[in-house]
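In: Just need the structure, nothing else, for what follows:
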Amino acid sequence: MTFEATLAEYCVVACAEAFRGDGEVLASAFGFIPTLGARLARATFEPDLLLSDGEAYLVANDLPLGSSDKVIEGWIPFRSVFDVVWGGRRHVMMGATQLDRYGNQNISSLGPHEKPKVQLIGSRGAPGNTVNHATSYWVPNHSPRVFVEEVDFVSGVGTNRGAVDIKRIITNLCSIDFVNADRSARLRSVHPFHSVDDVISNTGFDLVAENVTESRAPTDEELKLIREVLDPTNLRDTEIKS
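Out: Predicted coordinates:
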């Protein structure tokens with residue numbers, strides 16, 4: 001039997017694919033859909049991923065969103081996370097208020113640096129993440145306000161500023177990678193319900209769009225895991241803009 005997948009479920013699978021091939025690294029995902037993606041990857045094709053409960057424990061079981069019924073396989077207090085970061089054995093999936101064609105991220109402020117119009121959360125761990133280990137981004141509302149020609153402030157560095165490995169940007173429209181010769185953004189795939197033109201018109205810089213495919217559909221097994229095990233209360237749909 002084949003089940004019809006929702007846009008949110010396509011996004012979960014696209015996030016999971018960002019972790020493919022990572023092996024034994026700590027997957028740190030922020031947001032419902034990235035968290036589901038990391039947990040789905042570990043439950044299916046990437047069994048060596050290390051997943052935390054968001055606090056201090058490594059979790060062995062397929063933990064549903066919002067559940068505290070965890071099987072603990074290790075302890076990783078906050079101070080130990082930095083050892084993992086500096087050692088490069090981590091893949092983080094963060095959010096972004098602005099991103100440019102090289103994956104430079106802004107979560108600090110909007111407007112001129114001397115007199116910003118909006119103060120955001122600040123750079124936090126973005127600089128250390130991007131110069132030490134693999135980084136991906138999740139953008140639930142793909143728009144020209146997010147994807148800009150030049151970010152107002154560089155929080156996480158991009159491929160032109162020393163980033164170790166910007167792997168993917170997953171949005172509600174598409175999946176983007178950085179495999180071009182100049183390591184600029186390339187449109188990898190477009191989710192169903194949207195088109196290449198939708199992506200281009202909602203991106204504020206020239207995006208390489210050659211040989212674009214349709215994003216991979218969830219398998220029946222993956223859909224059952226998402227719906228019945230990992231997110232039975234359907235929190236995934238609350239995060240995405242259709």
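In: how far does stretch 24-32 sit from the chain's center?
Out: With Cα atoms, centre = their mean, to the nearest Å as the basis, stretch 24-32 stands 9 Å off its chain's centre.
In: how long is it end to end?
Out: Using Cα to Cα, to the nearest Å, the end-to-end distance of stretch 24-32 comes out at 22 Å.
In: tell me the mean pLDDT over it?
Out: Average pLDDT, stretch 24-32: 96.
In: for this protein, what spans make up the helices?
Out: 7-18, 32-43, 78-87, 126-132, 196-201, 220-224 (DSSP state H).
In: What residues does Arg89 make contact with?
Out: Neighbour list for Arg89: Glu24, Val25, Leu26, His133 [criterion: Cβ atoms under 8 Å, 6 or more residues apart in numbering]. In this view, the C-beta of every residue, glycine as well, is placed from N, C-alpha and C.
In: now those as CSV including neighbour count and distance to Thr203?
Out: Shown next, in CSV, are those (neighbours: other Cβ atoms under 10 Å; distance: Cβ to Cβ, whole Å):
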residue, neighbour count, distance to Thr203
Glu24, 10, 35
Val25, 19, 29
Leu26, 21, 31
His133, 22, 26
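In: Out of these, which two are the most distant from each other?
Out: Pairwise distances across those peak at 13.0 Å for Glu24 and His133 (criterion: Cβ to Cβ).
In: can you redo the helices of the chain as CSV with mean neighbour count and distance to Thr97?
Out: Listed next are the helices of the chain as CSV, based on neighbours: other Cβ atoms under 10 Å; distance: least, Cβ to Cβ, whole Å:
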stretch, mean neighbour count, distance to Thr97
helix 7-18, 25, 19
helix 32-43, 26, 16
helix 78-87, 13, 22
helix 126-132, 20, 11
helix 196-201, 14, 19
helix 220-224, 15, 30
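In: Which one, of those, ends up nearest to Ile240?
Out: Comparison of those against Ile240 by Cβ to Cβ identifies helix 7-18 as nearest, at 4.7 Å.
In: Just list what the closest one packs against, helices and strands only.
Out: Applying 3 or more Cβ pairs under 8 Å, 6 or more residues apart in numbering; DSSP states H and E, we find helix 7-18 packed against helix 32-43, strand 90-94, strand 134-139, strand 165-171, helix 220-224.
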